[in-house]
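Enquirer: this one's structure only:
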């Protein structure tokens, strides 16, 4: 059971403008549809590079950044923080070019086949050791999708097995490589990050804070709650809430908001990903409110991420009001539509 809101709840909450440290924007018309949802809330976002084809070079990342800025509605202030997609063949020199550009802030590791558009991902991290050495040398953060793809490993165990098989050996080989364990979903990951040194951080999504795996099956298959890593047992959800609200600066906000057209989600073989960019801060406020920890939201959303990445905090602020409103059933997505998480349901917080 989720924690109840504290007595005499505050009518509003104002915090320093937050950032999203894990975001999917896609490209083209789809990107133009979803970008304003993020830009109205967040000052910056780490933009995932798993396009088709993936963003594997500095030149491609800079070109993608220019397309994002060109799609930004007039009057909106937003800075995309670009990321390279690591492959078996990424050369060390590309890391130096990325660092020197001043526009690329991380490199992303997708185990090949782990999630959406990850087929070009890494088959064996040993093939990337020279590149990882360069990343460690120049201080380039390494963002890891923390799941193994071994078909013998149960989907609910892939994160815990990744921790033992991949992350611990990686940290032994590269102890000063800055690593973000992205969208953590288990007690094992939360405990590891909490006790790790200053070179390890983690992002946590709002949907993993709010829901356990039962949510996927309430009244039937609910595809809009299907994501990767998949929602886990209640004990793991509670461990994530404890981590996010602990005040530990190693945990920070990353929505992993993932736009997929309605038809691609409501399909015989539907895509993984929850679309939360529309109401991200409302969802996080709900999670922290239920935990009686609204006073911890600002650090999680606005302070911890910039500190880990070595960036200044945003100026300005956002305000959330305790106010009921109904989420739309669908939203435009290019020439299609997208269904936001909790579509048609009533939210208890609203961004001013």
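Expert: That came through, no problem. Treat the numbers as computed from the prediction; the structure is a model and nothing was measured. Residues are numbered from 1 along each chain as shown.
Enquirer: Strands of the stretch 151-300 of the chain, start to end?
Expert: 179-181, 200-204, 251-253 (DSSP state E, counting those that start in this stretch).
Enquirer: Give the rounded mean pLDDT of the longest one.
Expert: Mean pLDDT, taken over the full extent of strand 200-204, equals 98.
Enquirer: Just the residues contacting that strand, thanks.
Expert: For strand 200-204, contacts defined as Cβ atoms under 8 Å, 6 or more residues apart in numbering pick out 21-22, 171, 178-184, 189-190, 192-193, 240, 243-244, 250-254, 256, 304-305, 308. C-beta here means a position set from N, CA and C on the backbone, and glycine is covered the same way.
Enquirer: Tell me who's in contact with the closest residue to residue 62 other than its chain neighbours.
Expert: Nearest residue to residue 62, sequence neighbours excluded (Cβ to Cβ, 6 or more residues apart in numbering): residue 103, at 5.9 Å. Counting by Cβ under 8 Å, 6+ apart, residue 103 touches 61, 62, 65, 82.
Enquirer: now with 10 Å?
Expert: Neighbouring residues of residue 103 by Cβ atoms under 10 Å, 6 or more residues apart in numbering: 58, 61, 62, 65, 66, 79, 80, 81, 82.
Enquirer: out of these, which are inside helices?
Expert: Taking DSSP state H, the ones among the contacts of residue 103 that sit in helices are 58, 61, 62, 65, 66.
Enquirer: so which of those is the most crowded?
Expert: residue 61 (24 neighbours; other Cβ atoms under 10 Å).
Enquirer: separation between that residue and residue 279?
Expert: Per Cβ to Cβ, to the nearest Å, residue 61 is found 28 Å from residue 279.
Enquirer: pLDDT score assigned to the nearest residue in space to residue 23 that is not next to it in sequence?
Expert: Nearest non-adjacent residue to residue 23, counting by Cβ to Cβ, 6+ apart: residue 45, 4.2 Å away. Looking at residue 45, its pLDDT stands at 99.
Enquirer: Quick one: list the elements packing against the helix or strand where residue 349 lies.
Expert: Here residue 349, judged by DSSP states H and E, is contained in strand 346-351. On a contact count with 3 or more Cβ pairs under 10 Å, 6 or more residues apart in numbering; DSSP states H and E, strand 346-351 meets strand 12-16, helix 280-290, strand 317-326.
Enquirer: Please consider this matter closed, and thank you.
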